[in-house]
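Trainee: Sequence plus predicted model, see below.
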Amino acid sequence: MQPIRITEIPQHLGEEVLIQGWLYHKRSSGAIQFLLLRDGSGLMQAIVLKSNSAAFQVAEGLAQESSLRVWGQARADKRAPTGYELEISRFELVQLAHDYPIAPKEHGPGFLMDHRHLWIRSPKQAALLRVRHEVLQGMRDFFHQRGFIATESPILTPAAVEGTTTLFPVDYFGDQAYLSQSGQLYLEATAAALGLVYWIGPAFRAEQSKTRKHLTEFWMCEAEMAFYDHQMNMQLQEELVKYLLERLLKQRAAELETLERNTASLQKVLSEPFARITYAEALELLAEQGLPLEWGDDFGAPHEEVLGQHFQRPVFIEKMPAAMKAFYMEPDPQNPELVLAADLIAPEGYGELIGGSQRISDLEMLERKLQEFQLPREPYEWYLDLRRYGSVPHSGFGIGVERTVAWIAGAKHLRECIPFPRQLHRIYP
RNA sequence: UCCUCGGUAGCUCAAUUGGCAGAGCGAUCGGCUGUUAACCGAUAGGUUGCUGGUUCGAGUCCAGCCCGAGGAGCCA
């Protein structure tokens, strides 16, 4: 008999089916035992009656997370937690588990993180990982549908991309190399080769960050578009985020339900355009809200919170002072003190989702900027080549995978939005 | 790196002014004819993070260290 997955049960009511999975939880009441099974796709209740003595005996000896194959009749039953249950006729115990460490009760974050390899089996964590899958698959589909080429940037890099954030050093046959903090510069090269490109890959930041919004190893989806200006860039970002939201609300409603996500605020985001304000307007708004900033100051967590609260939807903040952003950003033709960059701030306190900008295409200006930012020229020679040979206006952005997952899923902490998070002083398991 | 809080059974937590180390969950055994983190009874389970100090006596007070959590800065 071909096994079916728990999510397929509604299509097999009244049939004898085979489910392969693990025991999530067990209850018993005299002549009946209730087994809560999980198979990776979902949870479902199975029952064993005492009249089936062979199966009943096996069920009595089962402990949490024992692996098994069960055969039985699938049916609808209002008393079952998911509305469906399986009356077991036969068992095959694959492996009997003993003393599973994670009990069906509350645990502290330290304990759960030490057992992350097992924690991901619990319903909410598994749901988060399915949401993550859908977000990543959505990104791939979105770009593929628009004719973007999926490409790659190197993880081992010879120099800092932006020269600012702390990097993880790696010994590279005696030379100093670093784990990449962004694939952007390389994407600019592939965009000049392929036109429209994107990649999804890890980024590494050795910041001593210790907050729920940061990981030392996280995933970014970065896109780079030849002949795109700043406005087209923001438009594409908005379309991507809305596509992901719409897809998740449709395809992963069950997971969002498991996660107890209030989807009304997400639905609302779909119904209207994202807010767009300039850095100068943001400063005015923040001053009105009692959080004044000096010109040139970057936003902190409380400022992002206030902006998100004010708009109740994602908000682009564009045209920041050039000095507070990266060297490669195109100056605003209206005011060269500003750059054609935009950050997309998520609502509900989830922080910065996207950072993007139009890139400098003029060779002389880029050379000048390297000097202003006191960056060495040699490591960037190849990057300058892109401005020597067929330079075009181009733009791009990077969207944080975990932050997108956290926002859509309503997760409190980024560490739950990646299978094995890497955090300050935590690299086990 | 800075600020705040914490570390007691496998887990989540109690323990009065410094005076016999406790409960629930989990585990094990038994009971219960539809459970919803089922319920009822029993059993096992401890170097109170580490080192030193004060004291007749320290889980409790003091000092140092280690580890964890939350927040800040930085960013995606």
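Mentor: Cool, the structure landed.

Trainee: for RNA strand B, what are the nearby residues on the stretch 101-250 of chain A?
Mentor: A:101, A:103-111, A:113, A:164-165, A:182, A:203, A:205, A:207-216, A:218, A:220 (CB under 7 Å from any atom of the strand). (Each C-beta comes from the backbone N, C-alpha and C, glycine too.)

Trainee: Contacts only, for residue A:79.
Mentor: residue A:85 (CB atoms under 8 Å, 6 or more residues apart in numbering).

Trainee: low pLDDT regions in the stretch 151-300 of chain A?
Mentor: Counting by pLDDT under 70, the low-confidence segments of the stretch 151-300 of chain A come to A:159-165.

Trainee: Strands of that one, residue ranges please.
Mentor: A:156-157, A:169-172, A:175-179, A:196-204, A:217-226, A:275-278 (DSSP state E, counting those that start in this stretch).

Trainee: just those strands: most buried one?
Mentor: When you average the neighbours per residue for each of the strands of the stretch 151-300 of chain A (mean count of other CB atoms under 10 Å), strand A:217-226 leads with a mean of 23.

Trainee: Tabulate the strands of the stretch 151-300 of chain A (a markdown table), appending distance to residue A:256.
Mentor: A markdown table is the format used below for these (distance: least, CB to CB, whole Å):
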| stretch | distance to residue A:256 |
| --- | --- |
| strand A:156-157 | 37 |
| strand A:169-172 | 39 |
| strand A:175-179 | 33 |
| strand A:196-204 | 22 |
| strand A:217-226 | 21 |
| strand A:275-278 | 24 |
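
Trainee: Which of these sits closest to residue A:295?
Mentor: strand A:275-278 (12.3 Å; CB to CB).

Trainee: name the helices or strands packed onto the closest one?
Mentor: Applying 3 or more CB pairs under 8 Å, 6 or more residues apart in numbering; DSSP states H and E, we find strand A:275-278 packed against strand A:315-318.

Trainee: Need the contact partners of the strand it packs on.
Mentor: By CB under 8 Å, 6+ apart, strand A:315-318 touches A:230, A:234, A:237-238, A:274-279, A:282, A:299, A:307-308, A:340-345, A:347.

Trainee: That one - what's its average pLDDT?
Mentor: What strand A:315-318 shows for mean pLDDT is 94.

Trainee: With only the CA atoms kept, save that strand in CSV.
Mentor: Provided in CSV are the C-alpha atoms of strand A:315-318 (Å, rounded to 0.1, in the frame of the first residue of the first chain):
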residue,chain,number,x,y,z
VAL,A,315,6.8,52.2,4.7
PHE,A,316,9.6,53.1,2.3
ILE,A,317,12.0,55.7,3.7
GLU,A,318,14.0,57.2,0.8
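
Trainee: Quick one: mean pLDDT for the next helix-or-strand element following that strand?
Mentor: Counting by DSSP states H and E, the element after strand A:315-318 in chain order, helix or strand, is strand A:331-332. Across strand A:331-332, pLDDT averages out at 95.

Trainee: Partner strands of strand A:331-332 and their direction?
Mentor: Here strand A:331-332 is paired, per DSSP bridges, with strand A:335-339 (antiparallel).
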